[in-house]
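Peer 1: no FASTA, just this:
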């Protein structure tokens, strides 16, 4: 199994600022993903973080708003840029999960934009 | 449209009782079905992964069933404990490319003493 450390665990940010969330996996994983979870809602995939190339974004999410880095097979960052109150949510990173294998999740970052 | 629907939305049971959570999906092509437990303020933790050929899979007091013909799954919790209070999320993996995960909205379970 893999352990995913995500930080910060929570933050309160001013609108118009940016926050970078870090995700560290204790072993190499081919696939890493970033999700958003609104209170009481399901997880929504933001993007797939590709090692050594640009992330693949889902419909409704763009690189300018959610730039992602994946410099190696154990680390990724998600930046929430130019934040507004609508960005208040829980952001989760995930590793693994391909082809009937386990998908592991970080503990999430609870973001509040004021 | 690929969807995963869960019922009930929420459930309250007494400690020691059993309960069953339901999951219906329309994801195609199907690869596998997963059940996750998510404690408040934490990330989801995997309970089971079931492929097309598996009908039943157990993990301690958790037993998942899968009927790939009717596209239904259930998660049965036996002899519930207070620590079972959490959200339980059904996730279906689509067999396209890297296997995109489609998440249900979850069932929020409260085990009462």
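Peer 2: On my side now, so go ahead. What you see is a predicted model, and the numbers here were worked out from it, not measured in a lab. Numbering: from 1, shown residues only, chains lettered A, B, ... in the order given.
Peer 1: Give me the neighbour count for residue A:107.
Peer 2: 17 (other CB atoms under 10 Å in any protein chain shown). Bear in mind the C-beta positions are built from the backbone N, C-alpha and C, glycine included.
Peer 1: could you measure it against residue A:4, distance?
Peer 2: Separation of residue A:107 from residue A:4 (CB to CB, to the nearest Å) stands at 8 Å.
Peer 1: dump the residue contacts of residue 57.
Peer 2: No chain in the question, so chain A it is. Under the criterion of CB atoms under 8 Å, 6 or more residues apart in numbering or on different chains, the neighbours of residue A:57 are A:46-47, A:63, A:66.
Peer 1: think we crossed wires, I meant chain B
Peer 2: Neighbouring residues of residue B:57 by CB under 8 Å, 6+ apart: B:48-50, B:63-64, B:66.
Peer 1: SS state for it?
Peer 2: Applying DSSP: H, G, I helix; E, B strand; the rest coil to residue B:57 yields a three-state assignment of strand.
Peer 1: ok, it to residue B:46 distance?
Peer 2: Residue B:57 sits 12 Å away from residue B:46, going by CB to CB.
Peer 1: Where in the chain is the helix or strand with the lowest mean pLDDT?
Peer 2: You didn't say which chain, so I picked chain A. Lowest by mean pLDDT, DSSP states H and E among the helices and strands of chain A is strand A:103-105, with a mean of 90.
Peer 1: looking at chain B here, not the other one
Peer 2: Taking all helices and strands of chain B together, the one with the lowest average confidence (mean pLDDT, DSSP H and E) is strand B:101-103, at a mean of 89.
Peer 1: next helix or strand past that one?
Peer 2: Under the assignment DSSP states H and E, the closest C-terminal helix or strand after strand B:101-103 is strand B:107-112.
Peer 1: Now find how far off-centre that next one is within its chain.
Peer 2: Taking CA atoms, centre = their mean, to the nearest Å, one finds the center of strand B:107-112 at 13 Å from the center of the full chain.
Peer 1: Quick check: mean pLDDT of that strand?
Peer 2: Along strand B:107-112, the predicted local confidence has a mean pLDDT of 97.
Peer 1: Can you tell me the closest non-neighbouring residue to whichever residue of chain B sits closest to chain A?
Peer 2: When scored by CB to the nearest CB, chain B has residue B:43 as its residue closest to chain A, at 3.3 Å. What sits nearest to residue B:43 in space, not counting adjacent residues and going by CB to CB, 6 or more residues apart in numbering or on different chains, is residue A:105, at 3.3 Å.
Peer 1: repeat for residue B:61
Peer 2: The shortest distance from residue B:61 to any residue other than its chain neighbours is 4.6 Å, reached at residue B:78 (CB to CB, 6+ apart).
Peer 1: next one: residue A:10
Peer 2: Nearest to residue A:10 is residue A:110, by CB to CB, 6+ apart, at 4.1 Å.
Peer 1: Enumerate the positions of the helix or strand hosting residue A:12 that are buried.
Peer 2: Taking DSSP H and E as the definition, one finds residue A:12 inside strand A:10-13. Within strand A:10-13, the residues that qualify as buried are residue A:13, counting by 16 or more other CB atoms under 10 Å in any protein chain shown.
Peer 1: And for stretch B:31-40?
Peer 2: Along stretch B:31-40, these residues count as buried under the neighbour rule (16+ other CB under 10 Å): B:31-38.
Peer 1: which sections of chain A are below the confidence cut-off?
Peer 2: Within chain A, the stretches with pLDDT under 70 are A:97-100.
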